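> Pasting a predicted model and its sequence here:
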Amino acid sequence: MDIGTFQSMLDIGETIAVEFKRCGNGIADDVYESVCSFLNRFGGDLFMGVLDDGTVYGVPPKAVRDMIKNFINTISNPKMFTPTIYLAPEILEYKDKTVIHVHVPPSAEVHSYKRVIYDRVDDADVKVTATAQIAQLYIRKQDIFTEKKIYPYATEADLRMDLLPRIRQMAVNHAGGKHPWDSMTNQEFFKSAGLYGTDIATGEKGFNLACILLLGKDDVIFNVCPAYETDALVRKVNFDRYDDREIIRTNLVESFDHLMEFGRKHLPDKFFLEDENRISIRNIIVREMVSNTLMHREFTSAYAAKFVIQQQKMYVENANRAVKEGIITPDNLEPNPKNPIIASFFRHIGRADRLGSGVRNIFKYSRYYSGQEPQFKDGDIFKIIVPLDESYSFDYNVEDHNVAKSEFIAETSAKTSAKTSAITGAKTSAINTAKLTETEQIILELLRENPAITQEMMASKVGLTKYGVRYAMKTLKDKGILIREGSNRNGIWKINV
């Protein structure tokens, strides 16, 4: 490790992947606990001779060789570490201080130190004792897709067979009029969709967990996954409890419908044009959030998934089989399928697109919906946060925006001068009109006469399109002259003088 990288880690401090140990009198147990937790999580870097606050204390130079020897002996001792590992410590010289650095890669196995399993949570090493938590470690390490678990005694009587005609039609519609599922028998359909198969390890044949979650009857789903549910909440007024709530425990196909309807019920559908067509950016964002939380959660976890709508934001969160921890952006996105069978099924019926497209869509349309960017937090709990702002409006596309701007800047002096003389009458008071365009002055006078006047009405009086008027009003708002009071639909404009 170069000194520049080391310095940056000192500046940032301890994280889920960085740990500082003083080690003034040799190597204590907590050093090996950190090694164990790094192995069981995403790996990390351990520095001996550094205080918790990032101050380089140094280890005794004469003791360095013995410390490294003892470290290697301990991690390779099966009575101490199970399974044993091999790591290569390196010596760093920093401002006349000696530091021992150990890079710990993530392991494909679950490790224990002195028969205790440790996991890394934020910047702490935590003992893992609960059976469910240990099971989740093994699931994460062994890259097991729990959706593939076979239930040999499940039959078609346990499934919602009445949903199949609708699912076949959805696949046909999404494929543009023709899809193989449409002509298959039920058994062929289940095999084609990956919902019926054979466990190579045990030889068991039957419907798998993915099938039961997608198409199972409610009591069958509860029998297989008793903790499975999605808690949909609205907390705009009553923050301690909720304004509206729906607990959804049915199959994933109908859960999607319920959650979409919940979003439509409680979120405004703002006007937006894309390529001259009106689209519902609310529905696009909610669709991506809902499909993500239904497709990619870890269903064996007891953690209840949530869809929460608040005044300033909405979010979904669910249990996750994480391969890393941190913030996801379109630039660092590395798509990783959590339930590939369920994800493929959703893509066939048009409720999801290619892996990673959901992140990009939410980033794209969130800017139009609230003017702000969303957050994706990866970890044992996966979370998508989308900001909300009911007063924000971006209801024209980039081309319209450019046309409006050009129209506004190049407004015809003859047309606007005639309108100005007819409308203004008196000089605008308390505002320096010399700094305003003629169109802006006209708009202010119109708003004085009627604060609830629509942009379409102003456009007819000013002699511009509604997009030109909208751009002019945006510039007045940016200058602090106009303030919007109330919602876009029922509010009024106030002149700030």
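On my side now, so go ahead.
> Could you use CA atoms for every contact and neighbour count after this?
OK.
> I'd assumed Asn320 was in contact with Gly379.
Yes - taking C-alpha atoms under 8 Å as the definition, Gly379 is a contact partner of Asn320 at 6.7 Å.
> any idea how far the helix or strand containing Ala132 is from the chain center?
Counting by DSSP states H and E, the element that carries Ala132 is helix 131-141. Centre-to-centre, helix 131-141 and its host chain are 23 Å apart (C-alpha atoms, centre = their mean, to the nearest Å).
> outside of that helix, which residues touch it?
40, 107-110, 128, 145-146, 301, 321-323 (C-alpha atoms under 8 Å, 6 or more residues apart in numbering).
> So how do I select the buried members of those in PyMOL?
With 16 or more other C-alpha atoms under 10 Å as the criterion, this PyMOL line picks the buried residues out of these:
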select buried, resi 40+107+110+128+145+146+301+321+322+323
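> Which one among the contacts of helix 131-141 sits at the bottom for pLDDT?
Of all those, Val323 carries the smallest pLDDT score, 72.
> picking up where we left off before, export only the CA atoms of the helix holding Ala132, formatted as PDB.
Taking Å, rounded to 0.1, in the frame of the first residue of the first chain, the C-alpha atoms of helix 131-141 are listed here in PDB:
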ATOM      1  CA  THR A 131     -29.300 -19.400  14.200                       C
ATOM      2  CA  ALA A 132     -31.100 -17.200  11.600                       C
ATOM      3  CA  GLN A 133     -28.200 -14.800  11.400                       C
ATOM      4  CA  ILE A 134     -25.700 -17.600  10.900                       C
ATOM      5  CA  ALA A 135     -27.900 -19.100   8.200                       C
ATOM      6  CA  GLN A 136     -27.900 -15.800   6.400                       C
ATOM      7  CA  LEU A 137     -24.100 -15.700   6.500                       C
ATOM      8  CA  TYR A 138     -23.900 -19.100   4.800                       C
ATOM      9  CA  ILE A 139     -26.500 -18.100   2.200                       C
ATOM     10  CA  ARG A 140     -24.400 -15.000   1.400                       C
ATOM     11  CA  LYS A 141     -21.100 -16.900   1.300                       C
END
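> Residues contacting the next helix-or-strand element following that helix from elsewhere in the structure, which ones?
Using DSSP H and E, the helix or strand that follows helix 131-141 in sequence is strand 150-151. Here strand 150-151 makes contact (C-alpha under 8 Å, 6+ apart) with 197-199, 204-209.
> got any ranges where this protein has weak pLDDT?
Across the chain, the ranges flagged by pLDDT under 70 are 142-144, 395-435, 463-468, 487-491, 497.
> So Gly379 and Asn320 - more neighbours on which side?
Set side by side, Gly379 and Asn320 show more neighbours around Asn320, with 23 against 18, by other C-alpha atoms under 10 Å.
> now the more buried one: how far from Asn450?
Asn320 sits 54 Å away from Asn450, going by C-alpha to C-alpha, to the nearest Å.
> neighbouring contacts of stretch 161-169?
181-182, 215, 349.
> List buried members of those by neighbour count.
181-182, 215, 349.
> Max pairwise distance over those: which two?
Largest separation among the buried ones among the contacts of stretch 161-169 by C-alpha to C-alpha: Asp182 and Leu215, giving 17.1 Å.
> Report the buried residues of stretch 200-210.
206-210.
> actually stretch 156-174, sorry about that
So, applying 16+ other C-alpha under 10 Å, buried residues of stretch 156-174: 158-159, 164, 167-172, 174.
> again, but for stretch 116-136
117-121, 124-125, 128, 134, 136.
> hmm, which two among those are most spread apart?
For the buried residues of stretch 116-136, with distances taken as C-alpha to C-alpha, the pair at the greatest spread is Ala124 and Gln136 (18.5 Å).
> What are the boundaries of the strands in the stretch 251-400 of the chain?
273-274, 277-278, 305-310, 313-319, 326-328, 375-378, 381-387 (DSSP state E, counting those that start in this stretch).
> possible to save those strands as TSV with mean neighbour count and distance to Pro60?
Output for the strands of the stretch 251-400 of the chain, formatted as TSV (neighbours: other C-alpha atoms under 10 Å; distance: least, C-alpha to C-alpha, whole Å):
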stretch	mean neighbour count	distance to Pro60
strand 273-274	16	66
strand 277-278	10	70
strand 305-310	23	50
strand 313-319	21	45
strand 326-328	13	35
strand 375-378	18	39
strand 381-387	21	41
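> Indicate which one of those strands is closest to Ser76.
strand 326-328 (31.1 Å).
> Would you mind naming the residues that bridge with Ile248?
Thr230 (DSSP bridges).
> Let me know how buried it is, in neighbour terms.
Ile248: 19 neighbours (other C-alpha under 10 Å).
> just the one 4 residues further on next, same as before
By other C-alpha under 10 Å, the residues close to Leu252 number 22.
> and it, what does it touch?
Contacts of Leu252 by C-alpha under 8 Å, 6+ apart are 213-215, 294.
> Which single one of these is nearest to Pro268?
Once C-alpha to C-alpha is applied, the member of these that ends up nearest Pro268 is Leu294, at 22.9 Å.
> mind checking how far the spatially closest residue to the closest one that is not a sequence neighbour is from Pro330?
Nearest residue to Leu294, sequence neighbours excluded (C-alpha to C-alpha, 6 or more residues apart in numbering): Leu252, at 6.7 Å. As judged by C-alpha to C-alpha, Leu252 and Pro330 stand 27 Å apart.
> Kindly reformat the buried residues of stretch 156-174 as JSON lines containing distance to Met457 and secondary structure.
Converted to JSON lines, the buried residues of stretch 156-174 look like this (distance: C-alpha to C-alpha, whole Å; DSSP: H, G, I helix; E, B strand; the rest coil):
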{"residue": "Asp158", "distance to Met457": "60", "secondary structure": "helix"}
{"residue": "Leu159", "distance to Met457": "57", "secondary structure": "strand"}
{"residue": "Leu164", "distance to Met457": "51", "secondary structure": "helix"}
{"residue": "Ile167", "distance to Met457": "47", "secondary structure": "helix"}
{"residue": "Arg168", "distance to Met457": "48", "secondary structure": "helix"}
{"residue": "Gln169", "distance to Met457": "45", "secondary structure": "helix"}
{"residue": "Met170", "distance to Met457": "43", "secondary structure": "helix"}
{"residue": "Ala171", "distance to Met457": "45", "secondary structure": "helix"}
{"residue": "Val172", "distance to Met457": "45", "secondary structure": "helix"}
{"residue": "His174", "distance to Met457": "41", "secondary structure": "helix"}
